[in-house]
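K.L.:
With the input below, show me the fold.
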Amino acid sequence: LLIIDIRWAGNDVTLAADRRDLLLMVARRVEDRTGYVYTNQLDDASLEAALRAAERQLTLFGRPEPRDFTIPPPPFTYPAPAIWSDATYGITTQARAAVAQGCIEPAEAQGMRSAGYLEMRATGSAVFWEGGDLLYAACTQAQCSMTVRDAKGAGSGWAGLSSYDWAAIDPNALAARALEKALASRNPVALEPGRYTVILEPQAVHDLVSLLLPAFDREMAEQGGGPFAAMLDPTLELPDGTPVRYTKLGLKVIDERITIDHDPMDPRLGILPMVVAGEYPPQRAVTWIDHGVLTTLAHSRRYALARLTRDANADPRGAFRMSGGETPVEEMIATTKRGLLVTRFSNLRLLEETSMLATGVTRDGLWLIENGKITKAVKNLRFTESPLFVLNSIEQLGVPVPVFRPARQPFEDPGVTPAIVPPLKVRDFSFTSTIDAI
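P.N.:
This next block holds a predicted model:
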C-alpha cells in the first residue's frame with residue numbers, strides 16, 4: 001500500500017506525507033471455527049507466529065460457523081479492468097505542492113480561505129486459498145477535495161472528484177468552482193422549511209443514492225427487513241414453521257428512466273475485480289435496477305450455497321453507475337418557477353429502513369431559484385426525505401458524471417468504490433428546518 005498526500009487549511013499547507021505499508025491477514029480454520037490475525041512482517045518466523053496466533057484465536061474466541069462460511073470461490077474467470085494509472089502512481093512531491101498552490105492562490109486573492117487535500121493511493125491486493133489459485137490485482141486512486149470559505153464565515157463553496165486516473169482530474173477547475181460557489185453563497189437569507197422543487201447536483205444525488213445501496217440485500221429482504229421485502233401470503237410457511245417471505249424482485253420501485261448497475265469493466269469506474277475478504281464473490285457485472293425495476297439483490301456465498309444453485313452476488317456497497325438523461329443543469333434552472341439548487345448533503349442518517357426515510361443537511365452552497373434564475377443564497381436546511389421518494393419524483397435528468405467518493409480503509413471491503421451519477425430535478429423535496437451553520 002502506498003498513500004501520498006498533501007493537505008492545506010487557512011491557505012497554508014499543513015501536511016505532506018508519503019506512507020508505505022503492507023498488511024497480511026492469516027486465517028486458520030479447524031472444523032467449524034475460524035481464527036485470524038493481521039501482520040505486516042513477511043519473514044518465515046513472523047508468518048509462523050501469525051499462524052500460531054490465529055490458531056489460538058480460534059481456540060479461545062472462535063465461534064461455530066457453517067462449514068460453507070469460508071469455502072473458496074468456485075473457478076471463475078476474473079475480469080481485467082483498467083484500474084492502474086502511471087499518472088497517479090508517479091505524481092511527484094513538487095507536483096503535489098504545485099496543485100496546492102494553484103488551489104490556494106485564487107482564493108487568497110479574493111480574500112477567501114481555502115482548505116482541502118490531494119491524495120493518491122496505489123495498492124496491490126492478493127488472495128490465496130489453500131489448494132486454490134493466487135489472485136492478484138493492482139489499482140490506483142486519486143482524489144481531490146477542497147472547500148473555500150469567506151473569511152468572516154459568511155459563505156462556503158466546495159468541489160471534489162475521485163478517479164483511478166489522476167489525469168482525469170483538473171484541480172484548477174475544482175478550485176475555480178469551489179471559489180465561485182463560496183463567493184455566490186455569501187450572506188444567505190433564511191427560507192421557510194417546506195416542500196420545494198430541487199435541482200440536485202451530481203454530488204447531492206450520490207449522497208442520497210448511497211443510502212440506498214446497502215438495501216440491495218436479498219437475505220435482509222427475505223427476513224422482512226429493508227425497503228424491498230414483501231409478504232405476499234402470510235399463511236404460507238416452510239416445513240420448520242418459518243413464514244414464507246418474498247422480495248420485490250421484478251417489481252417497479254423507482255422512476256422507469258433510472259438504471260443502477262455495477263461493472264468492473266466500466267472504463268470510468270475502475271474497481272478491483274475481486275473481493276479481498278468476506279463472503280462476497282469476484283466482482284462481476286450486476287444490474288440492481290433496470291429501468292425502474294428491481295432485478296437483482298445481493299447475497300453472500302453462505303446463502304447462495306444453502307438456498308440457490310449459483311454463487312453469491314456482488315457486494316451492494318461497491319461502485320455503481322446510475323443512468324441519466326441529457327438535460328443540463330442550466331436548463332433545469334431555466335424551467336423552474338421556484339425551487340432550490342443543492343450542491344451536496346452531509347451528516348446523513350437513516351431514520352427508518354422500510355421506507356428508507358433519512359435526514360441530513362445541505363452544505364457548501366444552497367440557492368433560491370425564481371422564474372428560471374438564481375436570485376439569492378439561502379441558509380442551509382435540514383431535510384427529512386427518502387431516496388426512494390426522490391427517485392420516484394424526478395422531473396428531469398442530466399448527463400451522468402463521476403463524483404467525489406473517497407476510498408474506504410485500504411484493506412476493508414469493498415475498497416475503492418467510485419460512482420457515476422447524473423444531476424436531477426425533483427419535485428416536492430421535504431425540508432424540515434433551517435440550519436445556522438455555513
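
K.L.:
Excluding chain neighbours, what is closest to Gly225?
P.N.:
Leaving out its chain neighbours, the residue that sits closest to Gly225 by Cβ to Cβ, 6 or more residues apart in numbering is Glu353, at 6.3 Å. Yep, even glycine has a C-beta here, placed from its N, CA and C like the rest.

K.L.:
now swap in Tyr38 and tell me
P.N.:
Going by Cβ to Cβ, 6+ apart, Tyr38 has Met25 as its nearest residue, at 5.4 Å.

K.L.:
do Thr259 as well
P.N.:
Among residues not flanking Thr259 along the chain, Ser323 sits closest, at 4.2 Å (Cβ to Cβ, 6+ apart).

K.L.:
The one you found against Ile258, yeah?
P.N.:
Yes. Taking contacts as Cβ atoms under 8 Å, Ser323 lies within contact range of Ile258: 6.0 Å.

K.L.:
Have a look at those two and say which one is more surrounded.
P.N.:
Neighbour comparison, Ser323 and Ile258: the larger count goes to Ile258, with 23 against 17 (by other Cβ atoms under 10 Å).

K.L.:
where exactly do the helices run in the stretch 1-150 of the chain?
P.N.:
Along the stretch 1-150 of the chain, the stretches classed as helices by DSSP state H, counting those that start in this stretch are 44-60, 86-89, 93-109.

K.L.:
And the stretch 301-438 of the chain, by the same measure?
P.N.:
With helices called from DSSP H, counting those that start in this stretch, the stretch 301-438 of the chain shows them at 301-307, 329-334, 387-390.

K.L.:
average pLDDT for the last one?
P.N.:
Taken as a whole, helix 387-390 has an average pLDDT of 97.

K.L.:
Give the intersection of the neighbour lists for Ser323 and Ile258.
P.N.:
Counting by Cβ atoms under 8 Å, 6 or more residues apart in numbering, the shared contacts of Ser323 and Ile258 are Leu397.

K.L.:
in the stretch 101-250 of the chain, which spans are strands?
P.N.:
Listed in chain order, the strands found in the stretch 101-250 of the chain under DSSP state E, counting those that start in this stretch are 112-128, 134-150, 156-163, 194-200, 229-230, 246-247.

K.L.:
Let me know which of these is tucked in deepest.
P.N.:
strand 156-163 (a mean of 24; mean count of other Cβ atoms under 10 Å).

K.L.:
returning to that earlier point: which one, of the strands of the stretch 101-250 of the chain, ends up nearest to Pro387?
P.N.:
When the strands of the stretch 101-250 of the chain are compared by Cβ to Cβ, strand 194-200 sits nearest Pro387, at 10.7 Å.

K.L.:
packing partners for the closest one?
P.N.:
Helices and strands touching strand 194-200, as assessed by 3 or more Cβ pairs under 8 Å, 6 or more residues apart in numbering; DSSP states H and E, comprise helix 329-334, strand 338-352, strand 424-434.

K.L.:
for the ones you listed, which one ends up most surrounded?
P.N.:
The highest mean neighbour count among these belongs to strand 424-434 (a mean of 20), with neighbours defined as mean count of other Cβ under 10 Å.
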